[in-house]
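S.K.: sequence plus the predicted model coming up.
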Amino acid sequence: MEIERKAKDFRTLSKVVTRTDLESIFLSACNVWRSLNALEYKEVGAEISFNGVLLEDHGDHFIAKATLSAKGQPKGRHPDKEVVSLECEYILIYSLRDREELTIEDIKQFCHMNAVYNAWPYWREFIQNMSNRMELPVLTLPLLKFSQPKKKEKKNTKKSK
């Protein structure tokens, strides 16, 4: 799964990531559900959403929350009917060395991107394990990748003679 972010976001991320370490990550909440007739549908599409936020700032460490969810809906007939739903909330604790030149906005931006990125492998394992336990076809989520949008080519505005 590829997510586009602006170059400015990567500069902020780089500024914070060189000063932080992930100390702890744990699952704080989860909710799973599947319909009784989930296997009746031959093709199910997944809608994945996620968010990372700063929860607490303690100077030498901070706590972030990553919320991730996947909802499965049948392709074709009844596309609005939900047949499976999996949601998780992870808490991440980061230590912070040298806070100089970092703003609270820098840390919030870091949490928005990096908390999700750090929680993603745990989320992938959760989805794979739970889909098996729910007697669904085993789901393997793709790797999470961040990228910058490609620059648009400028059209040549000179007219040929």
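M.R.: Nice, thanks for sending it over. Numbers count the residues shown, from 1 in each chain.
S.K.: CA atoms for contacts and neighbours, from now on please.
M.R.: OK.
S.K.: in the chain, where's the longest helix?
M.R.: Ordering each helix of the chain by length in residues (DSSP state H) puts helix 116-133 first.
S.K.: that helix packs against which elements?
M.R.: The contact analysis (3 or more Cα pairs under 8 Å, 6 or more residues apart in numbering; DSSP states H and E) places helix 116-133 against strand 44-57, strand 61-74, strand 84-96.
S.K.: quick one: buried residues of it?
M.R.: 116-120, 122-124, 126-128, 130-131 (16 or more other Cα atoms under 10 Å).
S.K.: make JSON lines out of these and add pLDDT and distance to G76.
M.R.: Output for the buried residues of helix 116-133, formatted as JSON lines (pLDDT from 0 to 100; distance: Cα to Cα, whole Å):
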{"residue": "V116", "pLDDT": "93", "distance to G76": "31"}
{"residue": "Y117", "pLDDT": "91", "distance to G76": "32"}
{"residue": "N118", "pLDDT": "94", "distance to G76": "34"}
{"residue": "A119", "pLDDT": "96", "distance to G76": "32"}
{"residue": "W120", "pLDDT": "93", "distance to G76": "29"}
{"residue": "Y122", "pLDDT": "95", "distance to G76": "31"}
{"residue": "W123", "pLDDT": "94", "distance to G76": "27"}
{"residue": "R124", "pLDDT": "91", "distance to G76": "26"}
{"residue": "F126", "pLDDT": "94", "distance to G76": "27"}
{"residue": "I127", "pLDDT": "91", "distance to G76": "24"}
{"residue": "Q128", "pLDDT": "91", "distance to G76": "24"}
{"residue": "M130", "pLDDT": "92", "distance to G76": "25"}
{"residue": "S131", "pLDDT": "88", "distance to G76": "22"}
